[in-house]
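> Okay, sequence plus prediction incoming.
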Amino acid sequence: MHRTAVATTLGKGFLAIRKAGHLCVATQTQNYSDYTSREKSMEVRLDVLKPGVRVLLVDQWIETGGTMRAAIQLVEKLGASVAGVAVVAIENTEGGKWIKENYKFSQCVPQELQAQIDGKYLDSFKIFNK
Ligand SMILES: O=P(O)(O)OC[C@H]1O[C@H](OP(=O)(O)OP(=O)(O)O)[C@H](O)[C@@H]1O
Ligand SMILES: Nc1ncnc2[nH]cnc12
């Protein structure tokens, strides 16, 4: 949902990378595994990403980094380039660190809340226990 808001705010086009099997046009597929350790595939239509196209990858959360790394591979396999990675939250994992070290990166969560993100529990959730 927020991906489309980001595209609109930046005045750029939006392209969805989807769970495999949902698109009815020719696609490029990328296999990957995420925090569930299950084998998954994502895909993107073939006719948009090409050399010269710059892509800002947007997602809510990076845990192992498997999903974002697969999206990066998909974009790069088609010859486009990753302009940056923007997420709401990123965990301080090996995969998370790799993304931050290798790509222009932005997250919404401030540094002082990082320990809560890594613990997967925000103090603000406590209000729901009242
Ligand atoms: O870094 P990783 O270990 O790969 O995990 C991150 C992915 O997991 C979450 O998606 P989720 O599986 O909850 O699916 P959804 O947000 O599309 O419902 C999140 O939005 C990322 O896409
Ligand atoms: N949206 C999310 N919230 C918490 N942990 C996650 N791990 C992967 N995605 C997540």
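Here it is on my side, so go on. Numbers count the residues shown, from 1 in each chain. Ligands and ions are numbered 1, 2, ... in the order given.
> ok, and for the longest helix seen in the chain, which residues are buried?
Assignment by DSSP state H gives helix 66-77 as the longest helix of the chain. By neighbour count with 16 or more other C-beta atoms under 10 Å, helix 66-77 contains the buried residues 66-75. No exception for glycine: its C-beta is placed from N, CA and C like everyone else's.
> Could you list every helix and strand that that helix packs against?
strand 27-33, strand 39-45, strand 54-62, strand 81-90, helix 94-102 (3 or more C-beta pairs under 8 Å, 6 or more residues apart in numbering; DSSP states H and E).
> how far does the fourth one sit from the chain's center?
Relative to the mean C-alpha coordinate of its chain, strand 81-90 is positioned 6 Å out (C-alpha atoms, centre = their mean, to the nearest Å).
> Please apply the same query to stretch 46-64.
That offset, for stretch 46-64, works out to 8 Å (C-alpha atoms, centre = their mean).
> Residues touching it, excluding its own?
2-3, 6, 10, 12-13, 15, 25-28, 33-35, 67-68, 71-72, 74-75, 78-91, 93-96, 99 (C-beta atoms under 8 Å, 6 or more residues apart in numbering).
> ok, back up a step: which stretch among the helices and strands packed on helix 66-77 comes nearest V109?
strand 81-90 (4.6 Å; C-beta to C-beta).
> Between strand 54-62 and that closest one, find me the angle.
On the basis of axes from the mean of the first three to the mean of the last three C-alpha atoms, to 10 degrees, strand 81-90 is oriented at 20 degrees to strand 54-62.
> which residues are in contact with strand 81-90?
Taking C-beta under 8 Å, 6+ apart as the rule, strand 81-90 contacts 2, 6, 53-62, 68, 72, 75-76, 96, 99-100, 103-109, 117.
> Narrow these to those that are buried.
Buried among the contacts of strand 81-90 (16+ other C-beta under 10 Å): 55-59, 61-62, 68, 72, 75, 96, 99-100, 105, 107, 117.
> Please identify which of these is nearest to K19.
For the buried ones among the contacts of strand 81-90, the nearest to K19 is D59 (13.1 Å; C-beta to C-beta).
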